[in-house]
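1. structural data only, the sequence is not supplied:
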């Protein structure tokens, strides 16, 4: 029987990459501490900052929201109903219930009202669903946070997410993307600061936290994520992790420690300017969401 | 039936990452051309240079030696008998026979005479066999080339080798190693120039060239390479390659094109100096081979 490293009670959780066994209570404490450490390591925010958590109803965003609340941060939720049938209905219900449970407000918008549901957009846009969905989420998230006095957006991206993106960008050596791969994106050019406090916490660790805290979260994956290359990379990296525990964490943290500073010194980054239609920050004259709207409108007129 | 892209005869080879079908003759031509292109792209050497090819008796080194000879370069062979039982005996025979076939000299040394056979060294050294063996081979190769007027050492490292090493160094973000990951290591500090003309040719392509040219090579892997992490990475990368042909080549070439120049600009490299015992270049006061010899001698005295 494995014993908890802290209290010698029966361990409920074993973390191979940290060679650490913990009982339920000490695991929950370990998780909160690790989130706090990450927040401090990357100077993400302080106790007095108003934080908006991007809530999907999944294990990561709800675990993050809980940990931040436990740690005494002022974290409110923001939920976008993507209009993906039952998946969206169920996740909205779970997110709402959780918000009531922890006594923090959850702000909601619906893509159906703002543009159209993801499945409809997908019919008119050839990009992968996750790419369109990401663009749209970032846009409304940023807009809402600015309009409502939030200084920081916190997302539930975990170590597996970050390692998979890093892996993908590394396979192609996409320098511009690698340069932005950091758990803090500073406030600039109309974007407010974005942070990823779970970046050093694995998917499994986040799921265990949710389960052991009694958080009810949506277990299904988004039906549109099927076949996404990022899932392939996650599987590949998990194979490496199994052979040699700690590989993912090392890959990601050593990138931040050793390669990220080198990249920062090289050349300039692309200049952002306000979108001619909505005023949100954009690389092109018209931002990606307004371009999407224009495209959808044109296609509707044709039909 | 696939047809040869060049002559419309029945194709014997299909190269998925290049989407190219070729007959036997046009494949052999394609291979030689690709080697020539790589030599020119990285300014490896010229027709008048005396080149020493590191010959192991395997498909890569023999294919390289053949292609260089076909292309009109003055390439002689250098073989180190590692003293690994039947494996070494067989590979020496095949390398010698090939040298006679193409009418170019093969110089040979035996590790048994220089230090002791790899299996013996392995008993006294806790490092992985491939690491010790690599150190020893580099040392004698460099020394022999300098002593005999060769300006360049060419090794048969192929794309799979280079991609696996790059992958390993990337997983750890070993900046110092990444900085040296280039198909040409210039002459400096007592090291003569080292080049890898097969760096853009995959293991499969090199094997096909050997087979279609009628080269007899040692097919067995070195018995000591079993369990080497580099083999895991090769398997892993081959899985990615199968899913998306061209991944390995892109990973390696884009590194050279985009990341390598950035790394060159960052900081300085470690200073080399002559080894106090043998005078060969070394990072420490005593070079790694002399240190190894001292260690082996001490252990012998103890026993």
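-> Great, that's in hand. Predicted model only: the values in this text are computed from it and were never measured.
2. for the rest of this, base every contact and every neighbour count on C-alpha atoms.
-> Will do.
3. and residue A:296, what does it touch?
-> A:121, A:124 (Cα atoms under 8 Å, 6 or more residues apart in numbering or on different chains).
4. did I read that right, it in a strand?
-> No. Residue A:296 is assigned helix when assessed by DSSP: H, G, I helix; E, B strand; the rest coil, not a strand.
5. so residue A:133 makes contact with residue A:118?
-> Yes. At 7.0 Å, residue A:133 counts as touching residue A:118 under the criterion of Cα atoms under 8 Å.
6. give the bridge partners for residue A:195, please.
-> residue A:154, residue A:184 (DSSP bridges).
7. residues in contact with it?
-> So residue A:195 contacts A:44, A:152, A:153, A:154, A:155, A:183, A:184, A:185 (Cα under 8 Å, 6+ apart).
8. next: residue A:78.
-> Contacts for residue A:78 (Cα under 8 Å, 6+ apart) come out as A:52, A:53, A:54, A:55, A:106, A:107, A:108, A:141.
9. could you redo the last one with a cut-off of 6 Å?
-> For residue A:78, the contact set (Cα atoms under 6 Å, 6 or more residues apart in numbering or on different chains) comprises A:53, A:54, A:55, A:106, A:107, A:108.
10. tell me the phi and psi of the nearest residue in space to residue A:151 that is not next to it in sequence?
-> Closest residue to residue A:151 in three dimensions, ignoring its sequence neighbours and counting by Cα to Cα, 6 or more residues apart in numbering or on different chains: residue A:50, at 6.0 Å. With angles defined as degrees, to the nearest 10, residue A:50 sits at phi -90, psi 120.
11. run a quick neighbour tally on residue A:50.
-> Under the neighbour criterion other Cα atoms under 10 Å in any protein chain shown, residue A:50 is assigned a count of 18.
12. can you check residue A:86 too?
-> Residue A:86 is flanked by 9 other residues according to other Cα under 10 Å.
13. cool, and residue A:14?
-> Using other Cα under 10 Å: residue A:14 sits among 17 other residues.
14. just say helix, strand or coil for it.
-> Classification of residue A:14 by three-state DSSP places it in strand.
15. residues contacting it?
-> Listed by Cα under 6 Å, 6+ apart, the contact partners of residue A:14 are A:20, A:21.
16. so in terms of bridging, what pairs with it?
-> The partner residues for residue A:14, given DSSP bridges, come to residue A:21.
17. so for it, what's the pLDDT?
-> On pLDDT, residue A:14 comes in at 95.
18. one more: the one 4 residues further on?
-> At residue A:18, the predicted lDDT confidence score is 91.
19. name the nearest residue to it, ignoring sequence neighbours.
-> Using Cα to Cα, 6+ apart, the nearest residue to residue A:18 is residue A:246, at 7.4 Å.
20. measure that neighbour to residue A:16 for me?
-> Separation of residue A:246 from residue A:16 (Cα to Cα, to the nearest Å): 8 Å.
21. please identify which of those two sits among more neighbours.
-> More crowded of residue A:246 and residue A:16, by other Cα under 10 Å: residue A:246, with 16 against 13.
22. any idea how far the more buried one lies from chain B?
-> 11 Å (Cα to the nearest Cα, to the nearest Å).
23. so that residue sits against residue A:17, correct?
-> Yes. Contact criterion Cα atoms under 6 Å: residue A:246 and residue A:17 qualify, at 4.3 Å.
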